[in-house]
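A.B. asks: Output the structure for:
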Amino acid sequence: MTYNAGGYGPAGPPPPGYPAPGYPGYPPAGYGAPPQYWQPPGYAPGYGAPGYPPQFGLPPVIKPGVVPLRPLTLSDIFNGAVAYIRTNPKATLGLTAIVVIASQIVALLLSLWPFAFTGQVASTLDGDEASTEVLVSWMASSLATAITTGLSTTLLSGLLTVVIGRSVFGADITIGEAWRRLRPRLWALIGFTVLKTLALIVWFGVVLLIVVLAVAVIDGPAAFLIAAPLVLASILAAVWVSVMLTFAPAVIVLERRDIVTSVKRSFALIKSDFWRVFGIWLLAAIVAQFIAGAVSIPFSIGGQAVLTASATTTAAMISMVLFSVGGAVGQIITGPFSAGVTVLQYTDRRIRAEAFDLVLQTGAAAGPQAPADSTDDLWLTGPR
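C.D. replies: You can find the predicted model right below:
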């Protein structure tokens, strides 16, 4: 046995003509350098780019109109309520302006009538006691104004419901077409509004009667202990019922159902998600009131300034006109937004409860050029 210099063991066999497992090979003798293959920049020679696993995930969300056809978030609802105004201003702001201005003119004339035609505005403003004639006229005009405002609000909400229902599919609609769509459902919508108003009046009337009787029969703190919880409970009950009936107008217009069925349908859609519906409804109401109040501030200041400067019949009429203009501007801006939030909440509840997004996607597949009847009829699907 022979040893290498330095006392190491015998030399091993000559290297084989192929590489050991796991190591790169050597170019064969007599051949040039191996061909250079392209590799992405940024990696060292001999190392390729790292591999990526196949990409899996949900398909892209379909959004043919103002909202995506999936369960809606709060931002989806609010953005959609603004987007349908921006995409179709003639049928939203224009329609709202027509209805609001007409109703405000009628309400203003009814409000001015008791004072302007009795000639007692100046004396009333000076602190004198109003006559019986003025009080009766004022009560009659207030009732007529409330009826006019209620009818105009009902008409406007119905028309805007038709507009937002079409905007979900990305299609526009004219004011005339919206009216033709609403007209067969208008009386049902008015009937629902009247019944709801009468029910609230009767409810609070009964509560007021009980409170008056309690105060008359029971003296001292005991009457307060009975009346205060009763009044609070009645207010909470009225709010709960109002929220549970939120979707009834949309059901009447879009699903073309009768009043009783629409009320039951609204309860069925909201009862399992009351707090979410209530929260969005309350937030939208706060936003709308804040905006309406902000835009009406200049008109309110002007009206108060006119009254302060001169306590005359003419000054009172001018101030009432300014107040009415401020109220009209606020309604024109916030009316479409509030109606849009309500209908989109209704759409969201149907998507979550009935997988209604799959139904809407069939209409979206045809695009905005689809026949109006085919897309409007999609709202009719659902439990009967």
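A.B. asks: which stretches of the protein have low pLDDT?
C.D. replies: Across the chain, the stretches falling below the confidence threshold (pLDDT under 70) are 1-59, 114-134, 136-137, 311, 364-374, 384.
A.B. asks: ok, which stretches of it are helices?
C.D. replies: Taking DSSP state H as the criterion, the chain carries its helices at 74-87, 89, 95-116, 121-125, 132-167, 175-182, 186-217, 221-244, 248-254, 259-270, 274-309, 313-354, 356-365, 372-376.
A.B. asks: which one of the ones you listed is the most hemmed in?
C.D. replies: The highest mean neighbour count among the helices of the chain, using mean count of other C-beta atoms under 10 Å, belongs to helix 248-254: a mean of 26. Every residue, glycine included, has its C-beta placed from N, CA and C.
A.B. asks: In PDB, could you pull the C-alpha coordinates for that one?
C.D. replies: Below are the C-alpha coordinates for helix 248-254, written out as PDB (Å, rounded to 0.1, in the frame of the first residue of the first chain):
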ATOM      1  CA  ALA A 248     -93.000  47.700   2.200                       C
ATOM      2  CA  PRO A 249     -93.000  50.600  -0.400                       C
ATOM      3  CA  ALA A 250     -90.200  49.000  -2.400                       C
ATOM      4  CA  VAL A 251     -92.100  45.700  -2.300                       C
ATOM      5  CA  ILE A 252     -95.300  47.400  -3.500                       C
ATOM      6  CA  VAL A 253     -93.500  49.100  -6.400                       C
ATOM      7  CA  LEU A 254     -90.900  46.600  -7.500                       C
END
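A.B. asks: Mind listing residues that contact that helix?
C.D. replies: By C-beta atoms under 8 Å, 6 or more residues apart in numbering, the list of residues contacting helix 248-254 from outside reads 154, 157-158, 161-162, 165, 181-182, 185, 188-189, 192-193, 257-259, 261-263, 265-266, 342-343, 346, 376, 379.
A.B. asks: let's see it at 6 Å
C.D. replies: Under the contact criterion C-beta atoms under 6 Å, 6 or more residues apart in numbering, helix 248-254 has outside partners 157-158, 161, 165, 185, 188-189, 192, 257, 262-263, 265-266, 343, 346, 379.
A.B. asks: Kindly report the same for stretch 103-111.
C.D. replies: Stretch 103-111 is contacted from outside by 141, 144-145, 148, 152, 324, 328, using C-beta under 6 Å, 6+ apart.
A.B. asks: just how off-centre is that stretch within its chain?
C.D. replies: Averaged C-alpha coordinates place stretch 103-111 at 28 Å from its chain's average position (C-alpha atoms, centre = their mean, to the nearest Å).
A.B. asks: How about stretch 258-274?
C.D. replies: Relative to its chain's centre, stretch 258-274 lies at 18 Å (C-alpha atoms, centre = their mean).
A.B. asks: Equivalent analysis for stretch 345-353, please.
C.D. replies: In terms of C-alpha atoms, centre = their mean, the gap separating the centre of stretch 345-353 from the centre of its chain is 12 Å.
A.B. asks: Also stretch 200-219?
C.D. replies: The answer for stretch 200-219 is 36 Å, by C-alpha atoms, centre = their mean.
A.B. asks: ditto for stretch 144-154
C.D. replies: Average the C-alpha atoms of stretch 144-154, do the same for its chain, and the two points are 22 Å apart (C-alpha atoms, centre = their mean).
A.B. asks: so who does Arg352 touch?
C.D. replies: By C-beta under 6 Å, 6+ apart, the contact list for Arg352 reads Pro71.
A.B. asks: and the gap between the residue positioned nearest the centre of the chain and Thr334?
C.D. replies: Here the mean C-alpha position of the chain is nearest to the C-alpha of Val341 (C-alpha atoms, centre = their mean), at a distance of 0.9 Å. Between Val341 and Thr334 the computed distance is 10 Å (C-beta to C-beta, to the nearest Å).
A.B. asks: Equivalent analysis for Ala250, please.
C.D. replies: Spatial separation of Ala250 from Thr334 under the definition C-beta to C-beta is 18 Å.
A.B. asks: Kindly report the same for Lys90.
C.D. replies: If you go by C-beta to C-beta, the gap between Lys90 and Thr334 works out to 18 Å.
A.B. asks: Please verify my assumption that Thr181 contacts Thr161.
C.D. replies: Rather than Thr, residue 181 is Arg. No. With contact defined as C-beta atoms under 6 Å, Arg181 does not count as touching Thr161 (9.3 Å).
A.B. asks: Show me what counts as buried in stretch 63-76.
C.D. replies: By 16 or more other C-beta atoms under 10 Å, the buried positions in stretch 63-76 come out as 64-70, 72, 76.
A.B. asks: Quote the end-to-end distance of that stretch.
C.D. replies: Taking C-alpha to C-alpha, to the nearest Å, the first and last residues of stretch 63-76 lie 11 Å apart.
A.B. asks: hmm, back to that, want to throw the buried residues of stretch 63-76 into a markdown table with distance to Ser242?
C.D. replies: Conversion of these to a markdown table gives the following (distance: C-beta to C-beta, whole Å):
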| residue | distance to Ser242 |
| --- | --- |
| Pro64 | 32 |
| Gly65 | 28 |
| Val66 | 26 |
| Val67 | 25 |
| Pro68 | 29 |
| Leu69 | 29 |
| Arg70 | 28 |
| Leu72 | 22 |
| Asp76 | 24 |
